[in-house]
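Student: Pasting the sequence and the predicted coordinates here, then a few questions.
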Amino acid sequence: MGVWVLMLFTFDCARFGKPEDAEYHGRWNFGMPFYAVTFLLNGAAGIYWVSSIPHEDALTEVSVVMVIVQLMGLWGLLFVRATQTPINTANYCLTTLNLQAFFGRFGLRGSYLVWGVAVGVKRVMEAHCEFAEGVFSDCCRPGADKRKNPPKGGFFGCFKEFKSPL
């Protein structure tokens, strides 16, 4: 289902096109042929790969990646890296542009670099929280009921419960 984000990308990318090319882009580049290949061909390939190679985990988007890596080894890893890098770059680019436009409506003006750094800092914080959630006990996770089972020493008590793998 990760390709659903392409629908939103098409709107953001279409604004960079020339007005005289709108009919062509609407029909071919962002039209039915694009979505037919994206959803039908990619979907059929993913279903085939996941159903033809045995795996223990539940079916997720990651299952297709694991199958590609199992099937192709290092070349599969390089293939996934080469195909995901442009997608991630587009994510950061469009997030930066949209953040700049959103806050510009409220009078907060900043260069593209400023908003790019803000997006980068946000992503680093998200990655840190994902790591911390997997490493620390339930008392640190958002939504944990701290009234029934409060950590000793407050938030920093969670760090005392951390068991180093070394």
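Tutor: Nice, thanks for sending it over. Just so it is clear, the model here is predicted, and its values are computed rather than measured.
Student: give me the number of residues near Met72?
Tutor: 13 (other C-beta atoms under 10 Å). For the C-beta atoms, the positions are set from N, CA and C on the backbone; glycine is no exception.
Student: next one: Val121
Tutor: So Val121, with other C-beta under 10 Å, has 10 neighbours.
Student: Now do the helix or strand containing it: which elements does it pack against?
Tutor: According to DSSP states H and E, Val121 maps onto helix 112-135. Counting contacts by 3 or more C-beta pairs under 8 Å, 6 or more residues apart in numbering; DSSP states H and E, helix 112-135 is packed against helix 74-104.
Student: list the contacts for the residue most central in space within the chain?
Tutor: The centroid of the chain falls nearest to Asn88 when counting by C-alpha atoms, centre = their mean (7.2 Å). Contact partners of Asn88, counting by C-beta atoms under 8 Å, 6 or more residues apart in numbering, are absent.
Student: From here on, call the first residue 254.
Tutor: Renumbered: residue one is now 254, and that last one reads Asn341.
Student: returning to that earlier point: could you check the angle the helix holding Val374 makes with helix 327-357?
Tutor: Taking axes from the mean of the first three to the mean of the last three C-alpha atoms, to 10 degrees, one finds helix 365-388 and helix 327-357 inclined to each other by 120 degrees.
Student: and helix 365-388, which residues are buried?
Tutor: Across helix 365-388, burial judged by 16 or more other C-beta atoms under 10 Å covers 368-369, 371-372.
Student: got the CA positions of that helix in CSV?
Tutor: Extracted C-alpha coordinates of helix 365-388, given in CSV (Å, rounded to 0.1, in the frame of the first residue of the first chain):
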residue,chain,number,x,y,z
TYR,A,365,14.3,26.3,1.7
LEU,A,366,17.4,25.3,3.7
VAL,A,367,15.8,26.3,7.0
TRP,A,368,12.7,24.2,6.4
GLY,A,369,14.9,21.3,5.1
VAL,A,370,16.9,21.3,8.3
ALA,A,371,13.6,21.4,10.3
VAL,A,372,12.4,18.3,8.3
GLY,A,373,15.7,16.6,8.9
VAL,A,374,15.6,17.3,12.7
LYS,A,375,12.1,16.0,12.9
ARG,A,376,13.1,12.8,11.1
VAL,A,377,16.1,12.2,13.4
MET,A,378,13.8,12.7,16.4
GLU,A,379,11.3,10.2,14.9
ALA,A,380,14.1,7.7,14.3
HIS,A,381,15.4,8.2,17.9
CYS,A,382,11.9,7.6,19.3
GLU,A,383,11.4,4.4,17.2
PHE,A,384,14.8,3.2,18.6
ALA,A,385,13.9,4.2,22.2
GLU,A,386,10.5,2.5,22.0
GLY,A,387,12.1,-0.8,20.9
VAL,A,388,14.9,-0.6,23.5
